[in-house]
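**Q** coords below, sequence missing:
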């Protein structure tokens, strides 16, 4: 999945907590969002209004990023509730990073078909 397809899938599955998301879909969506935040962060030095747009965008993408993380966990055949491990101080984010970098199951698993069709 390419960069633009991943970004479209991110917005198309806004609050979809079922199904699976491939590694490329997950990381390309993260890259797109962080590039947007980076540009807005630079522009916020020019205009205070952009600073508020940045905050509003953070609220808008919060729920889709959680749903994307849950679908990524589903691709590795883990329950979406594992996302709560990110709340564990220090080690939680490391564990989640390992989960998100792990290759997904080939074929169908208990959460649905392989998003890449393998």
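**A** Yes, it's here. As the structure is a computational prediction, the values presented were derived from the model and not from experiment.
**Q** Give me the longest helix you can find in the protein.
**A** helix 48-75 (DSSP state H).
**Q** Go through that one and flag the buried ones.
**A** Buried residues in helix 48-75, defined by neighbour count with 16 or more other Cβ atoms under 10 Å: 50, 54, 61, 64, 67-75. C-beta coordinates here come from the backbone N, C-alpha and C atoms, glycine included.
**Q** Next: stretch 33-42.
**A** Quick answer for stretch 33-42 (16+ other Cβ under 10 Å): 33, 40.
**Q** For the residue of the chain most remote from its centre, pull up the helix or strand it's in.
**A** Within the chain, the residue lying farthest from the chain centre (Cα atoms, centre = their mean) is residue 46, at 29.0 Å. Here residue 46 sits in a region with no helix or strand, counting by DSSP states H and E.
**Q** Can you tell me how far it is from residue 40?
**A** Distance, residue 46 to residue 40, by Cβ to Cβ, to the nearest Å: 11 Å.
**Q** ditto for residue 50
**A** 6 Å.
**Q** just residue 14 next, same as before
**A** According to Cβ to Cβ, residue 14 stands 20 Å off from residue 40.
**Q** still on that earlier bit, in terms of pLDDT, where does the residue farthest from the centre of the chain sit?
**A** pLDDT for residue 46: 87.
**Q** Residue 108 too?
**A** pLDDT recorded at residue 108 is 86.
**Q** State the number of residues packed around it.
**A** Using other Cβ atoms under 10 Å, residue 108 has 10 other residues around it.
**Q** ok, now which ones touch it?
**A** residue 114 (Cβ atoms under 8 Å, 6 or more residues apart in numbering).
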